[in-house]
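What would the 3D arrangement of this be:
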Amino acid sequence: MLVIDCHSTFYPKEFIKELARRKQDPRLIENESGRRIIVEGSVFYSHVIEPQHSSPEARIKDLDKYGIDIQILSPSAPGYDRFEPEVGIKLSKVHNDEVSTICERYPDRFLASAALPLQDVDAAIDELKRAIEDLGLHGVCFYSNNAGKLMDDPVFYPLYERIEKYGIPIFLHPNAPLTIDLMQRVKIPPPILGFTFDTTMTLVSLAYSGVLEKFNLKIISPHTGGTVPFLMHRFDSSYNAFKSITGWELKNRPSELLKNLYYDTCSFYPPALMCTYEAVGGDHLLMGTDYPHLIGGIDRSVQIIESLSIPESDKEGILGLNAARIYKLRL
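Alright, predicted model coming up:
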């Protein structure tokens with residue numbers, strides 16, 4: 001059985017060094033227990049886990065240990081849009097060069113999504129072309145908000161046109177949430193709620209704005225789409241109730257548009273996975289681990305899918321065949 005991890009995060013060594021050098025946000029700090037943490041102001045992004053965050057060899061050991069054949073490397077938070085434009089452009093190139101080298105060295109174990117400097121769309125278009133056409137990367141990463149803009153912003157339309165032509169997936173990763181002030185007020189670190197709320201907002205905005213009808217995009221949402229599967233009926237009833245006021249004009253119901261997206265299984269909670277399965281179907285679920293973050297679950301990701309009360313054919317799809325189809329792997 002083919003097993004593909006569609007949600008793992010990669011930090012190039014040069015990216016970590018850049019964060020450690022910086023005095024301004026985003027930057028790297030060391031807490032009282034000696035852990036290195038990426039922060040932006042009071043926003044806690046993640047721990048830097050070495051060697052796993054940067055070493056393909058360390059990753060392969062864990063992939064073999066937990067029965068995973070292929071891992072898709074993606075940028076993590078903070079996105080390169082959080083930096084000054086010239087730094088974001090430089091780090092995006094560094095990221096794409098490094099993951100391309102890893103994929104060339106281990107073609108049977110890794111695929112990679114391209115990083116883009118989304119605070120500068122013209123530069124992002126140039127880097128997308130280089131990453132896909134010259135480096136041979138397999139997808140692209142966007143964020144729940146990109147330099148403060150949700151994915152429905154028309155500024156990104158030229159990128160979507162090119163992504164649509166390439167036929168590559170978009171992996172959507174959380175970023176510093178737009179609700180950060182609220183998260184600070186209730187004293188809850190953003191990875192707990194802010195990331196999933198931000199993901200929900202950008203997915204729903206893509207549906208209601210008509211972007212999902214305008215472009216044929218293969219979007220992979222992390223963490224089972226935030227709260228999207230749970231609220232499918234509410235999206236439709238709200239559309240019907242408010243479209244005369246808002247001017248919404250969709251050919252399809254919001255739920256139908258959202259069901260066409262793909263959702264990873266980084267919930268590690270069977271009831272949530274079953275809700276997502278029933279909402280979007282087994283052919284729109286992809287196994288993910290959130291490796292190597294501390295709130296990830298590489299040690300249980302495969303086991304949880306295998307334990308679900310669903311047909312074996314759906315389990316095979318979720319564990320790997322769906323991702324193989326989306327990423328156009330030759331099996």
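
tell me which residues of stretch 192-206 are tucked away?
In terms of neighbour count (16 or more other CB atoms under 10 Å), stretch 192-206 has its buried residues at 193-206. Where C-beta positions appear, they are placed from N, C-alpha and C, glycine not excepted.

what's near enough to touch Leu63?
5, 69, 71, 109 (CB atoms under 8 Å, 6 or more residues apart in numbering).

From these, pick the one nearest Phe215.
Using CB to CB, Asp5 is the member of the contacts of Leu63 that lies nearest Phe215, at 26.7 Å.

The closest one touches Ile68, doesn't it?
Yes - between Asp5 and Ile68 there is a contact at 5.1 Å, judged by CB atoms under 8 Å.

which one of those two has more residues nearby?
Asp5 (32 against 25; other CB atoms under 10 Å).

burial measure for the residue nearest to the more buried one when sequence neighbours are not counted, as a count.
Nearest non-adjacent residue to Asp5, counting by CB to CB, 6 or more residues apart in numbering: Gln71, 4.4 Å away. Neighbourhood size, Gln71 [other CB under 10 Å]: 27.

Dig out what Gln71 forms beta bridges with.
Asp5, Phe110 (DSSP bridges).

Against Ile298, how distant is it?
Gln71 is 9 Å from Ile298, where distance means CB to CB, to the nearest Å.

what do those two both touch?
Common contacts of Gln71 and Ile298 (CB under 8 Å, 6+ apart): 5, 291.

rewinding a little: so which of the buried residues of stretch 192-206 belong to helices?
Of the buried residues of stretch 192-206, the ones assigned to helices by DSSP state H are 194-206.

show me where the chain has strands.
4-9, 27-30, 36-40, 43-47, 70-74, 110-114, 139-143, 169-173, 218-221, 262-264, 285-286 (DSSP state E).

picking up where we left off before, in TSV: the ones in helices among the buried residues of stretch 192-206, plus pLDDT.
Listed next are those as TSV, based on pLDDT from 0 to 100:
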residue	pLDDT
Gly194	83
Phe195	88
Thr196	91
Phe197	90
Asp198	93
Thr199	95
Thr200	96
Met201	95
Thr202	96
Leu203	97
Val204	97
Ser205	96
Leu206	98
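
with the residues you listed in mind, which one is nearest to Asn146?
Nearest member of those to Asn146, counting by CB to CB, is Thr202, at 8.9 Å.

Confirm for me that the closest one is in contact with Leu172.
Yes - in this structure Thr202 lies within contact range of Leu172 using CB under 8 Å: 7.0 Å.

Common neighbours of those two, please.
Both Thr202 and Leu172 are in contact with 144, 151, where contact means CB under 8 Å, 6+ apart.

Mind giving me the packing neighbours of the helix or strand bottoming out on mean pLDDT in the chain?
Of all helical and strand segments in the chain, the minimum by mean pLDDT, DSSP states H and E falls on helix 180-185, at a mean of 76. Helices and strands touching helix 180-185, by 3 or more CB pairs under 8 Å, 6 or more residues apart in numbering; DSSP states H and E, are helix 194-208.

the longest helix in the protein is where?
Every helix in the chain considered (DSSP H), the longest is helix 85-105.

Would you mind writing the CA trace of it as CSV?
Taking Å, rounded to 0.1, in the frame of the first residue of the first chain, the C-alpha atoms of helix 85-105 are listed here in CSV:
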residue,chain,number,x,y,z
PRO,A,85,10.4,42.1,0.0
GLU,A,86,14.1,41.6,-0.8
VAL,A,87,14.6,39.2,2.0
GLY,A,88,11.4,37.2,1.1
ILE,A,89,12.6,36.9,-2.5
LYS,A,90,16.0,35.7,-1.4
LEU,A,91,14.7,33.2,1.1
SER,A,92,12.1,31.8,-1.4
LYS,A,93,14.9,31.1,-3.9
VAL,A,94,17.0,29.5,-1.2
HIS,A,95,14.1,27.3,-0.1
ASN,A,96,13.2,26.2,-3.7
ASP,A,97,16.8,25.5,-4.6
GLU,A,98,17.3,23.3,-1.4
VAL,A,99,14.1,21.3,-1.8
SER,A,100,14.9,20.8,-5.5
THR,A,101,18.3,19.3,-4.6
ILE,A,102,16.7,17.0,-2.0
CYS,A,103,14.1,15.8,-4.5
GLU,A,104,16.8,15.1,-7.1
ARG,A,105,18.9,13.2,-4.5
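
how far off strand 139-143 does that helix point, in degrees?
Angle, helix 85-105 to strand 139-143, by axes from the mean of the first three to the mean of the last three CA atoms, to 10 degrees: 140 degrees.

which secondary structure elements does helix 85-105 contact?
helix 13-21, strand 70-74, strand 110-114, helix 121-129.

The third one - contacts with which helices or strands?
This points to strand 110-114. Checking 3+ CB pairs under 8 Å, 6+ apart, strand 110-114 ends up next to strand 70-74, helix 85-105, strand 139-143.

Give me the contact list for it.
With CB under 8 Å, 6+ apart as the test, strand 110-114 has contacts from 10, 56, 59, 70-75, 92, 96, 99-100, 102-103, 127-128, 131-132, 135, 137-141, 169, 171, 327.
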